[in-house]
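J.: everything below, folded, please.
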Amino acid sequence: MKSVELIHQPGAPILSARIVLPLGSIHDPIGMKGRQQLLAGVLTRGCAEFDAEKFASFVECHGANLRCEAGEDLLVIALKCNRIDANSMVPLILAMLESPHCNEDQINLERDLNIQMLKRLQEDSFQLCHDKLKPLLFDDGPYSSDPIGFKQDLKNIKQKSLLEASKQLTCTNALLVLAGDPQVELIENCQERLSVWKNQPISAPEPNPEPALNFASVICNTEQVVLMMGFRTVGIDNTDSLMLRLLQVHLGVGMSCRLFQVIREERGLAYDVGVELMLRRSNSPMVWHLSCAVGRACEALDALLAEWQNIIQAPISEAEMQLAIAKLKGMEALSCETGGQRADRLAMLLSYGLPADHNEICLKKLDRMNPAQLLAAAQRWLQKANLSICGPSSAIKELKQRWRRAQRESSGN
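T.: Below you'll find the predicted structure:
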């Protein structure tokens, strides 16, 4: 993998840049969950000769769009600017990593913003439910919490810790992707600067073994119940990940998907229903989710459990298979329309050690797949379900009993 990759778009008026580092929230120390996301925010608050005010003014006066955030595996700086401003803006994002200020007053401001965000998230039933699901999948280790962290952990993070973490930013396997029509001199300058980045990033810790506990709940006095059923699956580089993506599309993407048609349209049990597959370096979680009225929560759970048993016991039809393939191909085409989208994709693939044409290779495999292969993948990775519920205490009690009964029946079979 080269340190600078170019997606050449001759004559493009906009340049999109992505710097990707293998320094996501998986590297947050115990007791300091949210450190990498806090660091990402602080990077936009001054570097090199720019204090926080001058930094913000410089970005805005060029009409650029700049964000920096930590996901679970990766820390990403994303820039979009006019081509004529690229020679000023791209060196700036390199300077963010080479000489960040990490001033204490700016750290405190960013920390307060993250704590405010946490408070807003606590008002979201889906977020509360998801927060309870993660430890069921990953115990208290890596991937078990949102990258934004916890309030008390954020308060524990001091300037010294961020300064120490910032030393990892100029690491040897940093990747810069440029999409557009940059000048050759700019590319060469970037390559020269990245070539002297010699810090060795700390190896990412391995996720904890999946715990035996498979139920969690959070009381929320609303008139709806949120159900999330989660499965711990495989990393993005595993051959089964493509089949799991097809299953995700078949089950929970769009109005033609299986769960939407059966649970919402035919039976009217849910307000919202879908399936997410969060692809990661390892153990990508698949989450089936729905929200429903309190009075129909038990019916909705029974329907969700029936669909789970169906997908691991019987193959989908050939027609369903072809619909899922067509939808996935369409999603892939829509996901690479802009230079920014292409830069995002290439940066992610190369950072995970995958070839640049990984998605094209996967698309060619789709037409050779069959329902029996999907069934085998489902039986390998969707056998152990975990359930998280958010809703009134009365509903949770009854749903827990239903879940325990279903688990006993499944074990008996």
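
J.: I'd like the distance between Lys132 and Ser145.
T.: From Lys132 across to Ser145, the span is 11 Å (Cβ to Cβ, to the nearest Å). Using the backbone N, CA and C atoms, a C-beta is placed for each residue, glycine as well.

J.: likewise for Gln106?
T.: Distance from Gln106 to Ser145, counting by Cβ to Cβ: 24 Å.

J.: try Gln152
T.: In terms of Cβ to Cβ, Gln152 sits 12 Å off from Ser145.

J.: what's the answer for Arg267, then?
T.: Taking Cβ to Cβ, one finds Arg267 at 34 Å from Ser145.

J.: and these two? which has more neighbours close in?
T.: It is Ser145, of Arg267 and Ser145, that has more neighbours when counted by other Cβ atoms under 10 Å, with 20 against 13.

J.: can you get me a residue count around the residue nearest to that one when sequence neighbours are not counted?
T.: Leaving aside its sequence neighbours, Ser145 sits nearest to Lys33 (Cβ to Cβ, 6 or more residues apart in numbering; 5.1 Å). A total of 25 residues lie near Lys33 under the criterion other Cβ under 10 Å.

J.: which residues in the stretch 251-400 of the chain form strands?
T.: Counting by DSSP state E, counting those that start in this stretch, one finds strands in the stretch 251-400 of the chain at the ranges 272-277, 285-293, 386-391.

J.: alpha carbons only: can I get the last one in CSV?
T.: Included here for strand 386-391 are C-alpha records, laid out as CSV according to Å, rounded to 0.1, in the frame of the first residue of the first chain:
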residue,chain,number,x,y,z
ASN,A,386,-28.7,-11.6,21.6
LEU,A,387,-31.7,-9.4,22.4
SER,A,388,-31.8,-5.9,23.7
ILE,A,389,-35.0,-4.1,24.6
CYS,A,390,-35.9,-0.5,25.4
GLY,A,391,-39.4,0.3,26.6
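
J.: so how far is it from its chain's centroid?
T.: 20 Å (Cα atoms, centre = their mean, to the nearest Å).

J.: so this structure: which segments form each domain?
T.: The chain breaks down into these domains under automatic domain parsing: 4-195, 215-412.

J.: for Ala204, which of these is the nearest?
T.: domain 4-195 (5.2 Å; Cβ to Cβ).

J.: sorry, back to before: which of the strands of the stretch 251-400 of the chain sits most buried?
T.: strand 386-391 (a mean of 26; mean count of other Cβ atoms under 10 Å).

J.: what angle do that strand and strand 285-293 make?
T.: Angle, strand 386-391 to strand 285-293, by axes from the mean of the first three to the mean of the last three Cα atoms, to 10 degrees: 30 degrees.

J.: pairing partners for strand 386-391, with directions?
T.: Applying DSSP bridges, strand 386-391 is found paired with strand 215-219 (parallel), strand 224-232 (antiparallel).

J.: which residues does the nearest residue to Asn208 once chain neighbours are set aside contact?
T.: Excluding the flanking residues, the one nearest Asn208 by Cβ to Cβ, 6+ apart is Gly141, at 3.4 Å. By Cβ atoms under 8 Å, 6 or more residues apart in numbering, Gly141 lies in contact with 205, 207-208.

J.: among these, who's most crowded?
T.: Pro207 (19 neighbours).

J.: hang on, it in a strand?
T.: No. Counting by DSSP: H, G, I helix; E, B strand; the rest coil, Pro207 is not part of a strand but coil.

J.: and the angle from the biggest helix by length in the chain to strand 224-232?
T.: Longest helix in the chain, counting residues (DSSP state H): helix 393-412. Orientation of helix 393-412 against strand 224-232 (the same axes, to 10 degrees) gives an angle of 30 degrees.

J.: dump the residue contacts of the residue most central in space within the chain.
T.: Taking Cα atoms, centre = their mean, the centroid of the chain lies closest to Met278, which sits 5.4 Å from it. Contacts for Met278 (Cβ under 8 Å, 6+ apart) come out as 284-287.

J.: okay, how far is it across stretch 218-226, tip to tip?
T.: With Cα to Cα, to the nearest Å as the measure, stretch 218-226 spans 10 Å from end to end.

J.: swap in stretch 23-33?
T.: Length of stretch 23-33, first residue to last, Cα to Cα: 13 Å.

J.: how about stretch 4-24?
T.: End to end - Cα to Cα - stretch 4-24 spans 20 Å.

J.: buried residues in that stretch?
T.: 4-7, 9, 14-24 (16 or more other Cβ atoms under 10 Å).

J.: what do you get for stretch 138-153?
T.: 138-139, 141-151, 153.

J.: return the helix or strand in this protein with minimum mean pLDDT.
T.: helix 393-412 (a mean of 89; mean pLDDT, DSSP states H and E).

J.: could you export it as PDB, CA atoms only?
T.: The C-alpha coordinates for helix 393-412 follow below in PDB (Å, rounded to 0.1, in the frame of the first residue of the first chain):
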ATOM      1  CA  SER A 393     -40.900  -2.000  32.500                       C
ATOM      2  CA  SER A 394     -44.200  -3.900  32.200                       C
ATOM      3  CA  ALA A 395     -43.400  -4.700  28.500                       C
ATOM      4  CA  ILE A 396     -39.800  -5.600  29.300                       C
ATOM      5  CA  LYS A 397     -40.900  -8.200  31.900                       C
ATOM      6  CA  GLU A 398     -43.200 -10.000  29.500                       C
ATOM      7  CA  LEU A 399     -40.800  -9.800  26.600                       C
ATOM      8  CA  LYS A 400     -38.000 -11.300  28.700                       C
ATOM      9  CA  GLN A 401     -40.200 -14.200  29.600                       C
ATOM     10  CA  ARG A 402     -41.000 -14.800  25.900                       C
ATOM     11  CA  TRP A 403     -37.300 -14.600  25.000                       C
ATOM     12  CA  ARG A 404     -36.300 -17.100  27.700                       C
ATOM     13  CA  ARG A 405     -39.000 -19.500  26.600                       C
ATOM     14  CA  ALA A 406     -37.900 -19.200  23.000                       C
ATOM     15  CA  GLN A 407     -34.300 -19.900  24.100                       C
ATOM     16  CA  ARG A 408     -35.300 -23.000  25.900                       C
ATOM     17  CA  GLU A 409     -37.300 -24.200  22.900                       C
ATOM     18  CA  SER A 410     -34.400 -23.600  20.600                       C
ATOM     19  CA  SER A 411     -32.100 -25.500  22.900                       C
ATOM     20  CA  GLY A 412     -34.500 -28.400  23.000                       C
END
